[in-house]
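S.K.: need a structure here:
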Amino acid sequence: MFLTFSASKKKPDVSTLRGTRPLEEVLVRNVPEIDNASRTETWVVDRQPGRPLARSHVLTLWAGDHMIGSGRISTITCLARHWVTFRLAGTRSGMRVRVPIPWAGLSGHASYTHTTQFLTLSPSPEPHEAFRNSPDFADPDANPYEFELTAGKEIRLRAQLQSNPDATDQVDEAREEGLDMN
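M.R.: Numbers count the residues shown, from 1 in each chain. Got it, this is the predicted structure:
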């Protein structure tokens, strides 16, 4: 994140970015994945954060002892079988963070979509190294994830997805593009 300093040279107030949410420090791989065509850089989470990362959380990304920047998780830009990529707001344009599904706090809609569309989601990238040798991940066509959805919530989400043409179109378009939601 680039903090702008006023003419009085006061230290930046990170609490305005943070709001009421605590700042989460996240360790990422040393080099981002750069996509020059879409002008994005995606930082991949390397170690499990202190809590599941979800929308509106404010992150500070670290590669070793080098701070990359800080930003608020805004939206999902890509949903794959084993990863979710979030756009970061309040930082340089095009900055994203990719998080393993078990370390992400998906919304009810996103978790329902992930569960029901699992086999149509892109199998790459492969699971994070922390999960690759787990027996739950041995069968590439079996969903190793479980989300806690009550029957009532599942019915509401299914109805919402079916009644919202925009959501249905977005899922159909995303399926065609490997569920890249951007």
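S.K.: how about the helices in the protein?
M.R.: In the chain, the segments counted as helices under DSSP state H are 15-18, 108-116, 151-163, 165-176.
S.K.: with just CA atoms, put the lengthiest strand in the chain into CSV.
M.R.: Ranked by number of residues, the top strand in the chain under DSSP state E is strand 66-79. The C-alpha trace of strand 66-79 is given here as CSV (Å, rounded to 0.1, in the frame of the first residue of the first chain):
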residue,chain,number,x,y,z
HIS,A,66,10.2,-7.4,3.2
MET,A,67,6.8,-5.7,3.5
ILE,A,68,4.9,-5.9,0.2
GLY,A,69,2.0,-3.7,1.1
SER,A,70,-1.4,-3.5,2.9
GLY,A,71,-4.9,-3.6,1.6
ARG,A,72,-8.5,-4.7,2.4
ILE,A,73,-9.9,-7.8,0.8
SER,A,74,-12.7,-6.7,-1.4
THR,A,75,-13.9,-9.3,-3.9
ILE,A,76,-13.2,-12.7,-5.2
THR,A,77,-11.6,-12.5,-8.6
CYS,A,78,-10.9,-16.3,-9.2
LEU,A,79,-12.3,-19.4,-7.6
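S.K.: report the rounded mean pLDDT for it.
M.R.: Per-region confidence: strand 66-79 scores 95 on mean pLDDT.
S.K.: just stretch 104-111 next, same as before
M.R.: The pLDDT scores in stretch 104-111 average 88.
S.K.: one more: stretch 86-101?
M.R.: Taken as a whole, stretch 86-101 has a mean pLDDT of 95.
S.K.: start to end distance for it?
M.R.: 12 Å (Cα to Cα, to the nearest Å).
S.K.: roughly how far out does it sit from the chain middle?
M.R.: Centroid displacement of stretch 86-101 relative to its chain, using Cα atoms, centre = their mean, to the nearest Å, is 7 Å.
S.K.: check stretch 36-45 too.
M.R.: 13 Å.
S.K.: next: stretch 51-68.
M.R.: Centroid separation for stretch 51-68 versus its chain: 11 Å, with Cα atoms, centre = their mean.
S.K.: for the residue lying closest to residue 33 once chain neighbours are set aside, give me its contacts.
M.R.: Spatially, and ignoring its direct neighbours in sequence, residue 33 is nearest to residue 42 (4.5 Å; Cβ to Cβ, 6 or more residues apart in numbering). Just so you know, the C-beta spots here come from the backbone N, C-alpha and C atoms, and that holds for glycine as well. By Cβ atoms under 8 Å, 6 or more residues apart in numbering, residue 42 lies in contact with 32-35, 85, 96-98.
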